[in-house]
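any chance you can model this:
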Amino acid sequence: MTVPYACQPSDSRGRRWPERMSTFRSPWQRDRDRIIHSSAFRRLKHKTQVFVEHEGDYYRTRLTHTIEVAQVARTIAGTLGLNTDLAETVALAHDLGHPPFGHTGEDALAVLMEPYGGFDHNAQALRIVTRLERHYAEFDGLNLTWESLEGIAKHNGPVHPPLPYALAEVNAEWDLELHTNASAEAQVAAVADDVAYNHHDLHDGLRAGLFTEEDLSQLPVIGEAFAQVDHLHPGLEPMRRRHEALRRVFGVMVEDVIAVAENRLASLQPQSVDDIRHMDGPIIRFSKPLYQNLKAIKSFLFTRMYRAPTVVVERRRVTEMLNGLFPLYLNDAGKLPDHWREAAEAASSETERARVVLDYVAGMTDRFAIQEAERLLG
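Residues are numbered from 1 along each chain as shown. Below is the predicted model:
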């Protein structure tokens with residue numbers, strides 16, 4: 001049973017290009033399915049979070065991360081009586097705009113694109129679902145509903161000028177009310193993203209040997225989780241001990257978000273989706289104590305994982321690849337595949353050409369970018 005502030009399919013603002021309603025799927029189930037069948041979604045399989053794609057089969061990729069985020073989003077949304085289909089849709093789309101090589105790739109492309117309007121992965125996700133996916137006869141993009149586009153644009157909160165060009169273009173065509181909060185469902189997707197990466201980066205960092213269980217035992221929340229496991233299961237083998245402790249950390253985060261949301265919703269009594277949008281800040285968030293604890297965990301991960309010496313070496317290497325490929329394509333469109341070459345040659349300005357090149361490079365998987373760098377740059 002949904003609540004009055006949940007998004008209702010019957011109240012959807014519809015699609016940019018009107019379509020007949022499905023007889024057996026809600027608008028957001030259709031959006032979800034279009035995202036799953038998109039080329040950009042399939043490419044997430046070979047795009048990475050922290051470790052480059054070839055480094056190990058056990059590390060999370062963008063695809064496995066996205067599936068985990070969607071699972072958490074459905075759980076939280078369902079518990080709160082929100083629309084689980086919309087929460088899942090935003091979760092599945094939230095990373096579509098990420099380039100190869102994780103945040104390292106985004107940092108590199110942001111610098112390269114500085115003269116041409118910048119780069120932001122959320123804005124690029126909107127560009128993908130409104131322009132770059134070209135499979136349908138009647139429109140470019142996936143023709144998602146307004147609510148799904150809103151969620152992709154501002155699941156992390158209101159967006160203020162200056163806007164990334166990719167977001168500005170979409171918003172000029174269809175006002176996404178960027179100054180307001182997103183729906184509760186989109187806020188759920190944003191928190192689910194935090195829950196998922198806080199959890200799996202701990203797993204991946206341990207597997208990579210960047211820190212130990214003993215290191216983690218010194219951190220808030222995680223230390224208590226290991227202590228609980230040791231009390232309940234003394235002498236448990238290391239891999240099971242690790243998993244048992246980190247799944248408790250996972251549970252603490254999810255339960256905290258649900259408890260905070262239930263308390264705030266009971267106190268504020270919103271009566272519509274627009275009440276949620278116009279609140280003073282997000283309704284879905286961690287409690288202040290847990291937020292502070294997670295800041296300590298993130299600080300640890302930043303030092304010991306995201307900026308670990310081996311990761312820094314790899315960051316430098318893949319940044320050099322993108323710094324080589326981007327200007328090569330920009331200055332010699334003949335190096336691009338036919339479709340992209342035609343688009344680059346038809347561009348009316350250097351900025352427009354750079355944006356074509358960005359769309360091509362940002363769409364690459366890790367392995368394809370490495371192959372292209374080897375082929376074209378040696």
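
so where's this protein shaky on pLDDT?
Residues of the chain that meet the criterion pLDDT under 70 lie in 1, 50-58.

what's the single longest helix in it?
Longest among the helix segments of the chain by residue count, using DSSP state H, is helix 238-268.

pull the CA atoms of the next helix or strand along the chain from that helix into PDB?
With elements assigned by DSSP states H and E, the helix or strand that comes after helix 238-268 is helix 273-277. Taking C-alpha atoms only, helix 273-277 is exported to PDB below (Å, rounded to 0.1, in the frame of the first residue of the first chain):
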ATOM      1  CA  VAL A 273       4.900  14.400  -4.000                       C
ATOM      2  CA  ASP A 274       5.200  18.200  -4.300                       C
ATOM      3  CA  ASP A 275       5.300  18.500  -0.500                       C
ATOM      4  CA  ILE A 276       8.400  16.200  -0.600                       C
ATOM      5  CA  ARG A 277       9.900  18.300  -3.400                       C
END
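
does His46 really touch Arg367, like I thought?
Yes: counting by Cβ atoms under 8 Å, His46 does reach Arg367; the two are 5.4 Å apart. Glycine gets a C-beta too; all of them are placed from N, C-alpha and C.

neighbours of Val249, just the number please.
By the other Cβ atoms under 10 Å criterion, the neighbourhood of Val249 contains 21 residues.

for Pro4, see how far away it is.
Summarising the geometry, the distance separating Val249 from Pro4, computed by Cβ to Cβ, to the nearest Å, is 33 Å.

do the same with Tyr165
According to Cβ to Cβ, Tyr165 and Pro4 sit 37 Å apart.

the more surrounded of His46 and Arg367?
Comparing His46 with Arg367 by other Cβ under 10 Å, the one with more neighbours is His46, at 18 against 15.

can you pull the contacts of that one?
If you count contacts by Cβ atoms under 8 Å, 6 or more residues apart in numbering, His46 has them with Glu53, Thr61, Thr365, Asp366, Arg367, Phe368.

distance-wise, check the third one relative to Leu232.
Distance of Thr365 to Leu232, given as Cβ to Cβ: 42 Å.

now the last one
Phe368 sits 46 Å away from Leu232, taking Cβ to Cβ as the criterion.

those two: who's more crowded?
Neighbours were tallied for Phe368 and for Leu232 using other Cβ under 10 Å; the higher tally belongs to Phe368 (15 against 9).

what about the more buried one, which SS state?
Secondary structure for Phe368, judged by DSSP: H, G, I helix; E, B strand; the rest coil, is helix.

was I right about it contacting Pro99?
No: between Phe368 and Pro99 there is no contact under Cβ under 8 Å: 11.4 Å.

shared neighbours, these two?
Contact with both Phe368 and Pro99 is made by no residue, according to Cβ under 8 Å, 6+ apart.

grab the most central residue of this structure for me.
For the chain, the residue sitting closest to the mean C-alpha position, by Cα atoms, centre = their mean, is Asp95 at 3.2 Å.

which SS state does that residue fall under?
The three-state label for Asp95, taken from three-state DSSP, comes out as coil.

contact partners for it?
With contact set as Cβ under 8 Å, 6+ apart, Asp95 has these partners: Leu44, Arg62, His65, Thr66, Val69, His121, Ala125.

which two among the contacts of His46 are spaced furthest apart?
The distance between the two most remote of the contacts of His46 (Cβ to Cβ) is 13.9 Å, for Thr61 and Phe368.

if we can go back for a sec, between the contacts of Asp95, which is nearest Glu314?
With Cβ to Cβ as the yardstick, the closest approach to Glu314 among the contacts of Asp95 comes from Arg62, at 16.5 Å.

dump the residue contacts of that closest one.
The contact partners of Arg62, by Cβ under 8 Å, 6+ apart, come to Leu44, Lys45, Lys47, Thr48, Gln49, Asp95, His98, Gly102.

check Ala123 too.
Gly97, Ala153, Leu163, Pro164, Tyr165, Ala166, Leu167.

cutoff 10 Å now
When the contact criterion is Cβ atoms under 10 Å, 6 or more residues apart in numbering, the partners of Ala123 are 97, 117, 152-153, 159, 163-171.

how distant is whatever helix or strand it lives in from the center of its chain?
Assigned by DSSP H and E, Ala123 falls within helix 121-127. Distance of helix 121-127 from its chain centroid, counting by Cα atoms, centre = their mean, to the nearest Å, is 10 Å.

just checking, what packs against the very next helix or strand once past that helix?
Once helix 121-127 ends, the next helix or strand along the chain (criterion: DSSP H and E) is helix 146-154. Judged by 3 or more Cβ pairs under 10 Å, 6 or more residues apart in numbering; DSSP states H and E, the packing partners of helix 146-154 are helix 27-36, helix 84-93, helix 121-127, helix 165-173, helix 184-207, helix 273-277.

run the chain-centre distance for helix 146-154.
With Cα atoms, centre = their mean, you get 13 Å for helix 146-154.

give me the buried positions along stretch 353-371.
Judged by neighbour count using 16 or more other Cβ atoms under 10 Å, the buried positions of stretch 353-371 are 353-366, 369-370.

endpoints of that stretch, how far apart?
Distance between the boundary residues of stretch 353-371 (Cα to Cα, to the nearest Å) amounts to 23 Å.

what about Thr104, neighbour count?
Residues contacting Thr104 under the criterion other Cβ under 10 Å number 23.
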